[in-house]
Structures are given as C-alpha cells and as structure tokens.
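Peer 1: Next come a sequence and a model predicted from it.
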Amino acid sequence: GRLAWLLRRLLRRGLPAARPLRPDALSNGADRCVARLKFERRQFHAGFLPRCVVPGCVGPLTMSGPFDMPNSGCIARAACVKWSAVLIAMLAATTSAQTGFARSGERSWTHLGGSSRRHSLVSLPCAPSTTPTWVRATDIGGHPITFVGQAGLAVYAGDGVEDGLVFATGRISPPGQPANQHRLFAFARSNGAVRWQSQVATPVLDSFSSPALDEVNRVVIHASGRRIQAFRMDTGMLAWDRSLTNFIVNASPMVTSDRGPADRVFITDYDGFGGSSRLYCINADPFDPARNPYQPGEILWSYPIGSSSGNSVSYLPADMGGESLVYVATVGPDPGFAPGRIYAFPISDTIPSPRWTYENEIPEGYFGGVCVVPPDPFEPPGQPPILYAATYAFCSSCGSDSASLVKVNARTGEEIWTVPANRTQ
C-alpha cells in the first residue's frame, strides 16, 4: 500500500553507503507489514529497535529517546541505519492514519500481565484523575453481575476510544432462571455499555482465568471448566470451541501474534496434583492447505508437565529478541515437598521435547506464570532474554523467606540468581 510506495520512492533516490534491497523483498515485506499493522502492537523501548537482518544492510537500527509505538519487524528491516529516522516518521504517519496508536500511545492489554510476556508494564503516565470515567454493574438485561474478582481484564484499544472494548468474566442470576450463569462480557471502552455477553463453561474450584485477545483474528479467548473457547470480538459469536482432558484452574490462555499464518494458543490444565497435567498447543489461524493445514481450535499436541495449577504460558516475540520458545512453570512432582520446575518448549507443529528444564533450589512449586523480558538494549549484542518466576509456599508462618524469586537465562535455563521472597502466587 502507501507505505510500500513511499519506501520504493525513497530507495530509488539512493541509499548512501548501503546496498539497495531487492524490490521483491521490499514489496513483500512492506505489504505484509501494512496488512498486519492494524493488529500488531509492539513497543519500541527507549534506545532499542529490532536489529536489521536484511542481507546487505550496513548494521542495526538504533534510535535513542522514549519511543512507545507499534512495531512491525519487517518494516523496521526495510532500510538501514542512515534512514532509520525517516522510517520512524513514516511509521508514525502510517500508523496514525490506520490505528491512532502513534497519536495516543495506547496499546491493547491482550493477556494477563498485559501481553504474552506477562510483564505488567504500561509506559504511559498515570491517569489524571481517580474518578472513574464509567462504572458497570449490570448485564444487558439489567441483572446484577458478580465479577470474577481475581480474574484480569482484557482491553482492545481499537482504532480509538469509541470502538475499543473491555472484556471481563462474571456470573448472573436472572429471576426464574438457574442461578450463577457464567458469562464473558464485552463492554464499550468509551462508556461501559454492554456490547454483548456470551455463555461460557462453569469454572471449577473458583478458577480465575483471564481472557486473552487474538487481535490478528479478532477473537477473544476464554478458558473455564474443561473448555477453551474463542468468541468474535465484534459480535460475541462462538468462533471455535475445544475440550481438554482435565479442568482448567487459574491458568490463562496465551496466543502468539507474530507467527502468521501459523499462530498458536497455549494453555495448561489441572489434575488435582496427580502429576498428569499437560501443556496444550492449539491452532489459532485460519486453515491453509500449504502453510497451516489445521482448523482454528484444533489441538496440535499436548505434553505432560507433572502437576500444574494456575501456570500460564509466556512468550517473547521474535522482534523483541525472542527465540521461538514458550515458557511454563509447574508445581512439581510433590507440592510442598519437591521443587517446582520451569520448562522452555520450542514452538512446533509436532510434539517437541523441552529445550531446557530449570529446577528450583528449594522444595517449593510455581503456581503462576512467568515473566520474560527482552535482552538488555544497553548490553552488547547477543545477550539472552531473561525470565523471572516466583514460587508459592504452603507454609504461611515460615517468615519472609518461605518462597523464592528466581532470575533465569531464558535461552539456556541457567540460573542467574535466586532470592528469598514472601509467600506469593
């Protein structure tokens, strides 16, 4: 589209001290980026841009200053150092026209913890007021909603506030109908109006799984009972529905967004600490006979991970330094008496073996997700991503060192440090 034309015009004028890119590579890359730019939300960290990997490029793209805007890796790789400032300006102009994100700095909150990295960070100022813009406590029929209080929200920023959506889970008890009917709700981001509400499976053990957004395919993914379901973001209609072997308890789905046309959903189930929980890999993208021969919602594989409860999967996209690995922590073989484990699995269409396994130094397991962060942009190139995880201690009277927080090399699984931490989930 427009961005590809601008890039071609720029390149025809010459790239001083740099070889021009092949026209076919530029066209294909730029066109793919423009097609997906509306859905991809990537943050440019201060002082960090993805490294240029196009053959013939003179070096990495580097900028300094507080950037917080969408990034699509193939656009960033479309030219080299001497034109990085021009590309940033073009990205800002194109993105502003298509999404409004460069104008506002807003991004969707797609997962528990904000993104597939589970980093829980917003690079924006605090809200200017503590007065809520709106409050919603009833469903589309005026019935009171009891929200799942510990479950997180998912927020689709949209092209602007007016078409943004807020997703939450809760239950209603309409008069004359069965009590405690569980629903996934979509509220207008601008005023809290109920856009739609859809029935979901009844959670077990007071599960507080959070929804996740697949912005590429415009669906919101919810897990409860034994089912993981995808609903159309605009209508609430069911897109796909899949049953797992065991119940899902407290674990929230994770969906990749940079592997199209073969993005995947990952989720763990719960077996009551019987040692037979599994990690599931599920297809998220449309069927393609050549590149993605699977139906949306089809389970590609599952892998036994021992005991698991609330263990949400994490993933670092490739354009942020990720290495095509998904990370999952586990309770361990004997909760409260044996150490928990963290696994790194390569993303594959067939059952993989773990790339590495980390075992905690103390006999406590992990009952939550892990946080994975990009390599430090101020360190020399080639540094690994970093993973953080905290255990949960059943001994609530054992003091402040009853659990531990660990920092692990996300490439190799090597422990960097471990420190005592309070009982935590």
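Peer 2: Done, it's in.
Peer 1: Correct me if wrong: Ile386 contacts Val408.
Peer 2: Yes. Here Ile386 reaches Val408: they are 7.3 Å apart, a contact under C-beta atoms under 8 Å. C-betas here are computed from N, CA, C, even on glycine.
Peer 1: what touches both of these two?
Peer 2: Ile416 (C-beta atoms under 8 Å, 6 or more residues apart in numbering).
Peer 1: More neighbours: these two, which one.
Peer 2: Using other C-beta atoms under 10 Å, the more surrounded residue of Ile386 and Val408 is Val408, with 25 against 19.
Peer 1: Secondary structure element holding the more buried one?
Peer 2: Element membership for Val408, per DSSP states H and E: strand 403-409.
Peer 1: Can you tell me what sits against the helix or strand following that strand?
Peer 2: Counting by DSSP H and E, the element after strand 403-409 in chain order, helix or strand, is strand 415-421. Identification of contacts with strand 415-421 by C-beta under 8 Å, 6+ apart yields 358, 360-361, 386, 390-391, 400-409.
Peer 1: which of these has the weakest pLDDT?
Peer 2: The pLDDT minimum for the contacts of strand 415-421 sits at Ser400, where the score is 57.
Peer 1: Quick one: neighbours of the closest residue to Ser277 other than its chain neighbours, just the number.
Peer 2: By the measure of C-beta to C-beta, 6 or more residues apart in numbering, the closest residue to Ser277 outside its immediate chain neighbours is Ser308, 3.5 Å from it. Each residue near Ser308 was counted by other C-beta under 10 Å, and the total is 31.
Peer 1: again with Pro335
Peer 2: So Pro335, with other C-beta under 10 Å, has 19 neighbours.
Peer 1: Now it: which helix or strand?
Peer 2: Short version: Pro335 belongs to no helix or strand, going by DSSP H and E.
Peer 1: what do you get for Tyr388?
Peer 2: strand 386-390.
Peer 1: Over to Gly306?
Peer 2: Per DSSP H and E: strand 299-306 holds Gly306.
Peer 1: Contacts made by that strand with the rest, please.
Peer 2: For strand 299-306, contacts defined as C-beta under 8 Å, 6+ apart pick out 242, 245, 264, 268, 275-283, 294, 311, 328, 330-333, 341, 343, 345, 348-352.
Peer 1: which is the next helix or strand following it?
Peer 2: Sequence-wise, the next helix or strand downstream of strand 299-306 (DSSP H and E) is strand 314-315.
Peer 1: could you list every residue that touches the closest residue to Gly236 other than its chain neighbours?
Peer 2: Once flanking residues are discounted, Gly236 sits nearest to Trp196: 3.4 Å by C-beta to C-beta, 6+ apart. For Trp196, the contacting residues are Ile140, Phe185, Ala186, Thr235, Gly236, by C-beta under 8 Å, 6+ apart.
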